[in-house]
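[1] Here's my sequence, what's the structure:
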Amino acid sequence: MPVKIALVGHCGPDSYMLRSAVKYAVKDAELHMITDDGALAALLSGGPAVLLVNRQLDGNFEVYEGVELIRRLHITYPQLSMMLISNFADSQKAAEAAGARAGFGKSEIGTPKMRDALTGAVV
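    Numbers count the residues shown, from 1 in each chain. Now for the predicted structure:
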(Lines give C-alpha, C1' and ligand atoms only; values in the text may rest on other atoms or scores of the structure.)
Protein backbone atom coordinates (compact mmCIF):
# COMPACT_ATOMS: atom_id res chain seq x y z
CA MET A 1 0.00 0.00 0.00
CA PRO A 2 1.45 3.41 -0.93
CA VAL A 3 2.62 5.71 1.83
CA LYS A 4 1.29 9.27 1.59
CA ILE A 5 4.10 11.76 1.98
CA ALA A 6 3.28 15.46 1.76
CA LEU A 7 5.73 18.22 0.99
CA VAL A 8 4.21 21.11 2.93
CA GLY A 9 5.04 24.71 2.09
CA HIS A 10 8.03 24.15 -0.19
CA CYS A 11 8.88 26.29 -3.23
CA GLY A 12 9.10 24.74 -6.70
CA PRO A 13 12.86 24.04 -6.80
CA ASP A 14 12.89 22.56 -3.29
CA SER A 15 9.82 20.46 -4.07
CA TYR A 16 11.52 19.02 -7.15
CA MET A 17 14.67 18.16 -5.19
CA LEU A 18 12.66 16.62 -2.33
CA ARG A 19 10.37 14.65 -4.68
CA SER A 20 13.32 12.92 -6.29
CA ALA A 21 15.01 12.10 -2.99
CA VAL A 22 11.80 10.88 -1.33
CA LYS A 23 10.94 8.60 -4.26
CA TYR A 24 14.43 7.14 -4.06
CA ALA A 25 14.23 6.58 -0.28
CA VAL A 26 10.61 5.35 -0.11
CA LYS A 27 9.81 3.43 -3.28
CA ASP A 28 6.04 3.23 -2.70
CA ALA A 29 5.65 6.90 -1.73
CA GLU A 30 2.53 8.68 -2.95
CA LEU A 31 3.70 12.30 -3.03
CA HIS A 32 1.49 15.31 -2.42
CA MET A 33 2.50 18.95 -2.86
CA ILE A 34 0.69 21.04 -0.27
CA THR A 35 0.72 24.83 -0.69
CA ASP A 36 -2.33 25.89 1.33
CA ASP A 37 -4.41 25.06 4.37
CA GLY A 38 -7.31 23.69 2.31
CA ALA A 39 -5.16 21.12 0.52
CA LEU A 40 -3.59 20.12 3.84
CA ALA A 41 -7.01 19.61 5.46
CA ALA A 42 -8.14 17.51 2.50
CA LEU A 43 -5.02 15.35 2.71
CA LEU A 44 -5.39 14.81 6.46
CA SER A 45 -9.05 13.85 6.13
CA GLY A 46 -7.95 11.00 3.85
CA GLY A 47 -6.01 9.07 6.46
CA PRO A 48 -2.41 8.78 7.67
CA ALA A 49 0.37 10.72 6.02
CA VAL A 50 3.92 11.83 6.70
CA LEU A 51 4.40 15.60 6.48
CA LEU A 52 7.72 17.15 5.47
CA VAL A 53 7.22 20.74 6.59
CA ASN A 54 9.32 23.65 5.36
CA ARG A 55 10.77 25.96 8.04
CA GLN A 56 9.24 29.02 6.37
CA LEU A 57 6.06 28.07 4.57
CA ASP A 58 5.75 29.00 0.92
CA GLY A 59 2.13 29.23 -0.18
CA ASN A 60 -1.17 30.29 1.36
CA PHE A 61 -1.15 29.15 4.98
CA GLU A 62 -2.65 30.79 8.06
CA VAL A 63 0.82 30.73 9.65
CA TYR A 64 4.22 31.49 8.15
CA GLU A 65 6.48 29.34 10.31
CA GLY A 66 6.65 25.57 9.88
CA VAL A 67 7.18 25.04 13.61
CA GLU A 68 3.92 26.85 14.36
CA LEU A 69 2.08 24.69 11.82
CA ILE A 70 3.53 21.58 13.44
CA ARG A 71 2.46 22.83 16.89
CA ARG A 72 -1.10 23.43 15.72
CA LEU A 73 -1.39 20.13 13.87
CA HIS A 74 0.02 18.16 16.80
CA ILE A 75 -2.87 19.34 18.99
CA THR A 76 -5.48 17.89 16.61
CA TYR A 77 -3.44 14.98 15.20
CA PRO A 78 -1.05 13.86 17.98
CA GLN A 79 -0.10 10.65 16.12
CA LEU A 80 0.71 12.43 12.84
CA SER A 81 4.28 11.92 11.61
CA MET A 82 5.76 15.33 10.85
CA MET A 83 9.33 16.43 10.21
CA LEU A 84 10.77 19.88 9.75
CA ILE A 85 13.03 20.41 6.75
CA SER A 86 15.63 22.92 7.96
CA ASN A 87 19.39 23.20 8.30
CA PHE A 88 19.01 25.16 11.55
CA ALA A 89 19.52 23.09 14.71
CA ASP A 90 17.46 25.48 16.86
CA SER A 91 14.52 25.16 14.46
CA GLN A 92 14.81 21.36 14.53
CA LYS A 93 14.75 21.38 18.34
CA ALA A 94 11.72 23.69 18.36
CA ALA A 95 9.92 21.41 15.88
CA GLU A 96 10.59 18.33 17.99
CA ALA A 97 9.35 20.16 21.09
CA ALA A 98 6.19 21.05 19.12
CA GLY A 99 5.51 17.39 18.25
CA ALA A 100 7.62 16.59 15.17
CA ARG A 101 9.96 13.68 14.65
CA ALA A 102 13.66 14.42 14.13
CA GLY A 103 13.89 16.01 10.69
CA PHE A 104 16.72 16.89 8.34
CA GLY A 105 18.12 19.87 6.51
CA LYS A 106 18.03 20.70 2.84
CA SER A 107 21.77 20.11 2.79
CA GLU A 108 21.06 16.51 3.89
CA ILE A 109 18.60 15.67 1.12
CA GLY A 110 19.65 12.40 -0.48
CA THR A 111 21.91 11.38 2.42
CA PRO A 112 21.60 8.32 4.64
CA LYS A 113 20.33 10.61 7.46
CA MET A 114 17.39 11.68 5.27
CA ARG A 115 16.64 8.11 4.20
CA ASP A 116 16.77 6.88 7.82
CA ALA A 117 14.46 9.69 8.99
CA LEU A 118 11.94 8.95 6.25
CA THR A 119 11.93 5.20 6.61
CA GLY A 120 11.55 5.60 10.38
CA ALA A 121 8.55 7.89 9.87
CA VAL A 122 6.69 5.58 7.48
CA VAL A 123 6.94 2.43 9.63
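
[2] What is the burial count for Ala102?
    When neighbours are counted by other CB atoms under 10 Å, Ala102 registers 15. Bear in mind the C-beta positions are built from the backbone N, C-alpha and C, glycine included.

[3] Ok, Ala121 next?
    Neighbours of Ala121 (other CB under 10 Å): 20.

[4] What is the three-state secondary structure of the residue positioned nearest the centre of the chain?
    Nearest residue to the geometric centre of the chain (CA atoms, centre = their mean): Leu52, 0.9 Å. Classification of Leu52 by DSSP: H, G, I helix; E, B strand; the rest coil places it in strand.

[5] Show the contacting residues for Glu30.
    Applying CB atoms under 8 Å, 6 or more residues apart in numbering to Glu30 gives the contacts 2-5.

[6] Show me which of the residues you listed is closest to His32.
    Lys4 (6.3 Å; CB to CB).

[7] right, and that closest one touches Gly46 too?
    Yes - between Lys4 and Gly46 a contact is recorded at 7.4 Å, counting by CB atoms under 8 Å.

[8] Compare neighbour counts for these two and give me the winner.
    Lys4 (18 against 10).

[9] list the contacts for that one?
    By CB under 8 Å, 6+ apart, the residues touching Lys4 are 29-30, 32, 43, 46-50.

[10] which SSE is it in?
    Taking DSSP states H and E as the definition, Lys4 sits inside strand 3-8.

[11] Direction-wise, compare the next helix or strand after that strand with strand 50-54 and give the angle.
    Following strand 3-8 in sequence order, the next helix or strand is helix 12-25 (DSSP H and E). Interaxial angle, helix 12-25 versus strand 50-54 (axes from the mean of the first three to the mean of the last three CA atoms, to 10 degrees): 150 degrees.

[12] List the buried residues of helix 12-25.
    Residues 14-15, 18-19, 21-22, 25 are the ones in helix 12-25 that count as buried (16 or more other CB atoms under 10 Å).
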